[in-house]
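J.: I'll drop the sequence and a predicted model, then ask my questions.
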Amino acid sequence: MNKAINLAGKTIVITGASSGAGRAAALEFAVYQPYLVLAARNETALEEIAAECRELGANVLVQVTDVTDPKAMINLANTAYAWQNKLDVWINNAGVLGVGNFDATPMEVHRQIIQINLLGYMNGAHAVLPLFKEQGSGILINNISVGGFLPVPYGTAYTAGKFGLRGFSQALKAELADWPGIHVCDLFPAFLDTPGIEHAGNYTGKALKPAPPVYDPKRIAQAMVQVASNPRSNTYVGSASLLLKLSHAIFPQLTTNITGMVMRRYFKSATPMALTDGNLFTTVDYAMSAHGRFGLSGKPKVHRKYVAGILLAGIATGLVLFGSKR
């Protein structure tokens with residue numbers, strides 16, 4: 001435990017706490033002995049992680065919540081506030097993934113992804129900000145991901161939600177400029193080794209796996225703890241996150257085209273599987289851990305080799321294309 005971080009007695013809400021980054025965050029916060037309010041749709045998984053957090057020294061309250069329901073989110077905020085008569089940190093984390101050709105994926109799927117990934121965060125902010133303003137302080141943390149900068153072909157609704165979320169948060173920060181005690185903090189992690197891709201709505205007919213480098217979700221959990229203790233507007237988690245952002249900023253069309261090409265090449269050789277809605281419309285009862293099964297072994301230097309290779313390849317291709325047009 002980092003003694004420089006003082007979160008003891010703080011009331012902290014984490015949405016999407018039943019698995020993946022949210023579950024990792026709950027465990028990371030627990031050692032600092034806060035009052036944790038864990039929210040998600042899966043009550044069984046929430047109770048399991050709550051028990052683990054209590055063993056680590058946290059006081060824990062479980063609240064089954066669907067982030068797409070504004071009234072449920074208001075209830076979550078009010079319940080958390082009433083527990084200790086304060087609410088210090090709210091972490092918008094619940095998110096889903098849906099993959100498939102845009103026109104072959106039902107519109108209700110696209111709508112649900114945006115309901116969770118964008119409106120779910122807005123529901124959280126809308127519920128907690130009146131309480132933050134009443135007490136004159138509070139930290140709102142948004143787990144956005146590098147998808148807020150880098151388009152994901154075959155994940156159009158995911159991209160729409162993440163791009164929209166980044167814009168929403170930027171506008172909200174400007175709106176709250178006269179509230180110095182209230183902080184809005186955005187996190188942009190690179191690809192994480194969570195069960196999220198196993199839970200994804202998959203309309204490709206092929207088994208999915210993330211492209212390396214894939215980071216341990218403990219990295220984002222540690223970043224959440226740091227930001228909750230020392231707020232900062234933007235945090236990039238994993239060197240790939242910042243480099244991919246820069247790659248898209250310098251070569252936007254090229255970066256997007258390469259991403260699409262890599263995905264199409266993968267789909268040609270990937271293992272066939274049945275179409276599934278995953279956890280888009282209801283919770284699931286499998287792979288509810290913090291970690292997935294796609295982690296890249298080795299230390300961060302290994303990740304940097306992948307990132308450097310990807311970036312150099314993109315720059316080289318860009319120079320070739322630029323030269324051919326002169």
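T.: Arrived safely.

J.: partner residues bridging the most centrally placed residue in the chain?
T.: In the chain, the residue lying closest to the centroid (CA atoms, centre = their mean) is Asn143, at 4.1 Å. Under DSSP bridges, the beta-bridge partners of Asn143 are Leu187.

J.: roughly how far apart are it and Leu118?
T.: In this view, Asn143 and Leu118 are 13 Å apart by CB to CB, to the nearest Å. Every residue, glycine included, has its C-beta placed from N, CA and C.

J.: Need the residues touching each of those two.
T.: When contacts are counted by CB atoms under 8 Å, 6 or more residues apart in numbering, Asn143 and Leu118 have no shared neighbour.

J.: For whichever strand or helix holds Leu38, give the mean pLDDT please.
T.: Here Leu38, judged by DSSP states H and E, is contained in strand 35-40. Per-residue pLDDT values over strand 35-40 give a mean of 98.

J.: pull the CA atoms of that strand into CSV?
T.: Backbone C-alpha positions of strand 35-40 (Å, rounded to 0.1, in the frame of the first residue of the first chain) are rendered in CSV as follows:
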residue,chain,number,x,y,z
TYR,A,35,-16.3,3.0,1.9
LEU,A,36,-16.8,1.3,-1.4
VAL,A,37,-20.1,1.2,-3.2
LEU,A,38,-20.0,-1.4,-5.9
ALA,A,39,-22.5,-1.3,-8.7
ALA,A,40,-23.3,-3.5,-11.7
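
J.: Give me the distance from that strand to the chain's centre.
T.: 16 Å (CA atoms, centre = their mean, to the nearest Å).

J.: following the host helix or strand of Ala221, which helix or strand comes up?
T.: If you go by DSSP H and E, Ala221 is part of helix 218-229. Remark: after helix 218-229, the chain's next helix or strand is strand 234-237, criterion DSSP H and E.

J.: any idea which helix or strand comes after that next one?
T.: Using DSSP H and E, the helix or strand that follows strand 234-237 in sequence is helix 239-250.

J.: what about whatever helix or strand comes next after that following helix, average pLDDT?
T.: Where DSSP H and E defines the elements, the next helix or strand beyond helix 239-250 is helix 252-269. Per-residue pLDDT values across helix 252-269 average out to 93.

J.: now the angle between helix 239-250 and helix 252-269, please.
T.: Put simply, helix 252-269 runs at 120 degrees to helix 239-250, going by axes from the mean of the first three to the mean of the last three CA atoms, to 10 degrees.

J.: what packs against helix 252-269?
T.: Counting contacts by 3 or more CB pairs under 8 Å, 6 or more residues apart in numbering; DSSP states H and E, helix 252-269 is packed against helix 239-250, helix 300-324.

J.: how about 7 Å then?
T.: Packing partners of helix 252-269 (3 or more CB pairs under 7 Å, 6 or more residues apart in numbering; DSSP states H and E): helix 300-324.

J.: picking up where we left off before, with Lys86 as the reference, measure out to the residue nearest to the centre of the chain.
T.: Distance of Asn143 to Lys86, given as CB to CB: 23 Å.

J.: helices and strands of this structure: which one has the lowest mean pLDDT?
T.: Across the helices and strands of the chain, mean confidence by mean pLDDT, DSSP states H and E is lowest for helix 300-324: a mean of 44.

J.: looking at it, the residue nearest to the centre of the chain is touching Asn93, isn't it?
T.: Yes - taking CB atoms under 7 Å as the definition, Asn143 is a contact partner of Asn93 at 4.5 Å.

J.: what's the overlap in contacts for those two?
T.: Ala21 (CB atoms under 7 Å, 6 or more residues apart in numbering).

J.: ranges for the helices of the chain?
T.: 20-30, 43-55, 70-84, 107-114, 120-135, 156-175, 218-229, 239-250, 252-269, 300-324 (DSSP state H).

J.: that older thread, show me what the mean pLDDT comes to for the helix holding Ala221.
T.: Throughout helix 218-229, pLDDT has a mean value of 98.

J.: Point out where the protein drops to low pLDDT.
T.: The chain contains residues with pLDDT under 70 at 1, 3, 295-326.
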